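Q: how does the following fold in three dimensions:
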Amino acid sequence: MSEKLIRVGTTYIPVTNVELSSEWYVNKLGAELCYKDEDKAILNVANQSIFLVKSNRDQSSNFYDIHGNERFSLTFEVNGLNALEDIHRDFKENGLRVGEIEDRGHAGRNFVFYDLDGNKFDVWSELSPAFKEKYLFSKK
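A: Numbers count the residues shown, from 1 in each chain. As a prediction, the model looks like this:
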C-alpha cells in the first residue's frame, strides 16, 4: 500500500438536541457553524470538522477503560500552560462543567470538560511538534 492516512477529517458526536448543542458549541467553544438540519450540525472546531448527530438519550462519545474510568475520545491542544490556564478560567466563567487542571505524569498539563450531553473532552497544554513546525507556532 503506497497511500497513507493523512489526517482525521471528521469526528462524530452524539447529541440529543441539534439546535441547542450547535448553539452551545458556537457560543461556548467558538465553533463555526457550517451546516445544520434537524438531524445534524456540521461545525468547524479547532481546525477539524465536527458533526453533531441527533441521537437517543444516554449516549455519548465516552467509554470506560479496563479499570472502570470514564474516558474521552478527543483531546484539544492549546499552545502552552498559560493558554491552558486561560481557557480553563474562561470555560469556568462561562458555566461549562470542567475538571481541575491535572499533572498526568507526562509533558504539559490537562483538564477535562463536558458538553450539554455529557460528552467528555480533554484539553492539553502542548501542541504536537509537527503542528507547531508546520504552522510556525512559538512556545508562549
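
Q: contacts and neighbour counts: CA atoms only from here.
A: OK.

Q: now what about the helix or strand hosting Pro14, what contacts it?
A: Using DSSP states H and E, Pro14 sits in strand 10-15. By Cα atoms under 8 Å, 6 or more residues apart in numbering, the surrounding residues in contact with strand 10-15 are 21, 48-57, 59-61, 117, 119.

Q: among those residues, which lie within strands?
A: Filtering these for membership in strands, criterion DSSP state E, returns 48-54.

Q: of those residues, grab the buried ones for ChimeraX.
A: Buried residues within these, by 16 or more other Cα atoms under 10 Å, are selected in ChimeraX with:
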select :49,50,51,52,53,54
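
Q: out of the ones in strands among the contacts of strand 10-15, the closest to Asp86 would be?
A: Nearest to Asp86 among the ones in strands among the contacts of strand 10-15 is Gln48, at 21.5 Å by Cα to Cα.

Q: tell me the contacts of that closest one?
A: Applying Cα under 8 Å, 6+ apart to Gln48 gives the contacts 8-11.

Q: give the pairing partners of the strand holding Pro14; include direction for each.
A: With DSSP bridges as the test, strand 10-15 is paired with strand 48-54 (parallel).

Q: who does Thr11 form a beta bridge with?
A: Beta-bridge pairing for Thr11 (DSSP bridges): Ile50.

Q: and it, what's its pLDDT?
A: For Thr11, the pLDDT comes out at 96.

Q: thinking again about what came up before, ranking by neighbours, what's the top pick from the contacts of Gln48?
A: Counting neighbours by other Cα atoms under 10 Å, the top entry in these is Thr11, with 15 neighbours.

Q: how near is it to Asp103?
A: 27 Å (Cα to Cα, to the nearest Å).

Q: pretty sure Val123 sits in a strand.
A: Yes: the assignment for Val123 is a strand, going by DSSP: H, G, I helix; E, B strand; the rest coil.

Q: quickly find the element holding the residue nearest to it when sequence neighbours are not counted.
A: Excluding the flanking residues, the one nearest Val123 by Cα to Cα, 6 or more residues apart in numbering is Phe76, at 4.7 Å. Secondary structure from DSSP H and E places Phe76 in strand 75-77.
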